[in-house]
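In: A predicted structure for the sequence below; I have some questions about it.
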Amino acid sequence: MPAPAGPWRPALAPALVLRHDRVRGTDLLVLPERVVVLQGHAGQVVGLCDGTRTVRGIVDELAARHPGAPVATEVPSFLDRLRQEGWLT
């Protein structure tokens, strides 16, 4: 499959759902046959993957929310790992 034109705008794959588990106090990525517990701020990152923001836009938003956090180096590689898993389009 060819790469899309322009910058990548991550979005959850159609079969996945991001949910917050109030009992555990954590975010979950619900897949057809399993559930992935998202650690730390991973749920915030995935929540920004709505298909409208570029990776740069996601990084900028998170950097504004969490000044001093290493989002510029960690978030792009995290998103790429999720894409390799097939969880982001």
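Out: Cool, the structure landed. Numbers count the residues shown, from 1 in each chain.
In: contacting residues around the residue nearest to the spatial centre of the chain?
Out: In the chain, the centroid-proximal residue (Cα atoms, centre = their mean) is Val46; its distance is 2.5 Å. Contact analysis of Val46 by Cβ atoms under 8 Å, 6 or more residues apart in numbering lists Leu12, Leu18, Asp27, Leu29, Leu38, Leu82. Where you see a C-beta, it was placed from the backbone N, CA and C, and this is true even at glycine.
In: gap between the two ends of stretch 64-80?
Out: 21 Å (Cα to Cα, to the nearest Å).
In: low-confidence stretches in this structure?
Out: Within the chain, the segments meeting pLDDT under 70 span 1-5.
In: so where do the helices sit in it?
Out: For the chain, the helices defined by DSSP state H cover 42-47, 55-65, 71-85.
In: list the buried ones in the last one?
Out: Okay, so that is helix 71-85. Buried residues in helix 71-85, counting neighbours by 16 or more other Cβ atoms under 10 Å, are found at Val71, Val75, Phe78, Leu79, Leu82.
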